[in-house]
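Engineer: For reference, the sequence and a predicted model appear below.
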Amino acid sequence: MYNNDFIANMLDKIASLLEIKEENRFKIRAYRMAAACIRELTFSVAKIEEVKKLWEIPGIGKAIAEKIMEISSTGSCETLRSLVEEIPESLLDFLKIEGLGPKRVGILYRDLGIQNAQTLKEFALNGKIQELNGFGPKIVQKILDGLEHWEERKGRFPLDQVVPKVQSLLAAMRSIPGVTQAEVAGSSRRWKETVKDLDILVTGDKEHAGSVMDVFTAYPEVESVLSQGATKATVRWTMGIQVDLRFVDSDCFGAGMQYFTGSKEHNIALRTLAKDKGFKTSEYGLFKISGSKETKVAGQNEEEFYRCLGMDYIPPEMRENAGEIEAALSGKLPCLLEHSDICGDLQMHTTESDGKNSLEEMAQAAIALGYKFIAITDHSKAMHIAHGLDEARLLRWIETIHKTREKYPQFHLLAGVEVDILKDGSLDLEEKVLRECDVVVASV
DNA sequence: GCCGTTTTCGGCCCGACTGTTTTCAGTCG
Ligand SMILES: Nc1nc2c(ncn2[C@H]2C[C@H](O)[C@@H](COP(=O)(O)OP(=O)(O)OP(=O)(O)O)O2)c(=O)[nH]1
Ligand SMILES: [Mg+2]
Ligand SMILES: [Mg+2]
């Protein structure tokens, strides 16, 4: 069964090949939009049996729906097969080189017949590439650098690995004179599990933009500066992650956050909607268009930005163009689950087996978190290394939990066990003992 | 390729930075 990511990746591959082929850019965007849209779906596309059902998904039309059906059942499609006859798949790797996009990759292939890394390096060194239209010494150097650092390429980073680093960077930015705000944006603000890069928005007086850029590019973690302009800079840190900084005026903070938080697909959908309603939106604000006149109607405040477009405020976590804009327009946005919505935990270990904290410590910590109940479910005896409980120990342990429970009358301290499922499928503890538990978790 | 209470054709988000462009294309966010 081909999953949604597999199908989306294949549509993205078709899009990239079409780009190198210099197909119509809106056709290419249609493939990219369809891919992004499939990644956001909460059900498996391959399970859909009728083309019509696919077709009903916004962003997927008749042509792409049929291709999806084909990919779902065969793992590929005719469009892709005939495309790779024209445009070698190996060219797709070149797109990852800084400074090489579909146009230049296409020229390299068509004019010089370059389709693998060896010949790319060869032609970069013998001066042939530099002679091409649209190429020069700087691009050639970037190609050579890109080939050199091919193996060091990093993929996406787990969010928890980068959060502490970004907090330190924000602190450094906030201490620059003239800076009013520094916040994390992009996929980190949308709380994606992994992020490709870090996106930082800094606001302040225009005359301080230069010093912000200087501090950012001289930050200790920086390995190289990829670009640096008046309001935007990109660097790569030694740990391999890229960091993007955007600077806007203080009164553009809301619009800047809206832009830089994304997602790209959410931004495009929102901007299209704004346009239909007679507005223009950018990182500088929301502008009402009348004739040739533009009047700024929002910019400072992100909530206001959405309100002026006639919709509820959309939390960053929902900004993926997965129906949230339509929901916000009709006041039907779902509520996000908050930490405060968690009222208990039914799987917890204590020092009685392999936990780090005692029964009382666990109970008190749960109460401090605002929980109404927890279940203590230490391991059963098959887990020797975890010092698992046998029947006799479990019975005594249940008694201890019952006694402890009396100290916390407002709180539900449940007695339980995490019982192993043995190789033959039976449980590790006798049923009559398990019956004494409030909660039994069975695990393999 | 997708889409539609101003539509089935003619639009499709908007802006910054770089390099080689003598007026802007390519790439990226
Ligand atoms: N309007 C508009 N905004 C864009 C576009 N591309 C990127 N952005 C905005 C929205 C993105 O969330 C933000 C940061 O871009 P990134 O490429 O870093 O993507 P993002 O952080 O969403 O995901 P990532 O984990 O980095 O892949 O910039 C675009 O084509 N149009
Ligand atoms: Mg990002
Ligand atoms: Mg970025």
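Structural biologist: Yep, that arrived. Ligands and ions are numbered 1, 2, ... in the order given.
Engineer: I'd guessed residue A:388 sits against residue A:381; true?
Structural biologist: Yes - assessed by Cβ atoms under 8 Å, residue A:388 is found in contact with residue A:381 at 4.6 Å. For the C-beta atoms, the positions are set from N, CA and C on the backbone; glycine is no exception.
Engineer: Name the nearest residue to residue A:256, ignoring sequence neighbours.
Structural biologist: residue A:248 (4.1 Å; Cβ to Cβ, 6 or more residues apart in numbering).
Engineer: just residue A:80 next, same as before
Structural biologist: Residue A:80 sits nearest to residue A:14 (Cβ to Cβ, 6+ apart), 5.6 Å away.
Engineer: Please apply the same query to residue A:346.
Structural biologist: Per Cβ to Cβ, 6+ apart, closest to residue A:346 is residue A:375, 4.4 Å.
Engineer: Can you give me every residue that contacts the one you found?
Structural biologist: Taking Cβ atoms under 8 Å, 6 or more residues apart in numbering as the criterion, residue A:375 is in contact with A:344-348, A:414-416, A:438-439, A:441.
Engineer: which stretch of helix or strand covers it?
Structural biologist: strand A:373-379 (DSSP states H and E).
Engineer: That strand pairs with which strands, and in what direction?
Structural biologist: strand A:344-348 (parallel), strand A:412-420 (parallel) (DSSP bridges).
Engineer: domains of chain A?
Structural biologist: A:4-153, A:158-247, A:253-329, A:340-443 (automatic domain parsing).
Engineer: need the ones you listed in TSV with distance to ligand 1 and mean pLDDT, can you?
Structural biologist: Shown next, in TSV, are the domains of chain A (distance: least, Cβ to the nearest ligand atom, whole Å; pLDDT from 0 to 100):
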stretch	distance to ligand 1	mean pLDDT
domain A:4-153	10	94
domain A:158-247	3	97
domain A:253-329	2	96
domain A:340-443	26	97
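Engineer: Dump the ones you listed to TSV, plus distance to ligand 2.
Structural biologist: Below are those laid out as TSV (distance: least, Cβ to the ion, whole Å):
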stretch	distance to ligand 2
domain A:4-153	14
domain A:158-247	3
domain A:253-329	8
domain A:340-443	28
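Engineer: For residue A:434, which non-adjacent residue is closest in space?
Structural biologist: Per Cβ to Cβ, 6+ apart, closest to residue A:434 is residue A:440, 5.2 Å.
Engineer: what pairs with that neighbour across the strands?
Structural biologist: For residue A:440, the beta-bridge partners are residue A:417 (DSSP bridges).
Engineer: Test my guess that it contacts residue A:419.
Structural biologist: Yes - between residue A:440 and residue A:419 there is a contact at 6.0 Å, judged by Cβ under 8 Å.
Engineer: which residues do these two both contact?
Structural biologist: Here residue A:440 and residue A:419 have residue A:434 as joint contacts, going by Cβ under 8 Å, 6+ apart.
Engineer: Just want to know which of those two has more residues nearby.
Structural biologist: Higher neighbour count among residue A:440 and residue A:419: residue A:419, with 25 against 19, using other Cβ atoms under 10 Å.
Engineer: Relative to residue A:166, how far out is that one?
Structural biologist: Distance of residue A:419 to residue A:166, given as Cβ to Cβ, to the nearest Å: 42 Å.
Engineer: With residue A:420 instead?
Structural biologist: Separation of residue A:420 from residue A:166 (Cβ to Cβ) stands at 41 Å.
Engineer: now swap in residue A:182 and tell me
Structural biologist: Here residue A:182 is placed at a distance of 10 Å from residue A:166 (Cβ to Cβ).
Engineer: So for the two, which residues contact both of them?
Structural biologist: What both residue A:182 and residue A:166 touch, as defined by Cβ under 8 Å, 6+ apart, is the set residue A:200.
Engineer: Check chain A for the residue nearest ligand 3 and tell me.
Structural biologist: Nearest residue of chain A to ligand 3, counting by Cβ to the ion: residue A:244, 3.9 Å away.
Engineer: The helix or strand hosting that residue near DNA strand B at all?
Structural biologist: In this assignment (DSSP H and E), residue A:244 forms part of strand A:242-249. Yes - using Cβ under 7 Å from any atom of the strand, strand A:242-249 reaches DNA strand B at A:242, A:244.
Engineer: Who does that strand pair with, and is each partner parallel or antiparallel?
Structural biologist: Using DSSP bridges, the strands paired with strand A:242-249 are strand A:197-204 (parallel), strand A:232-237 (antiparallel).
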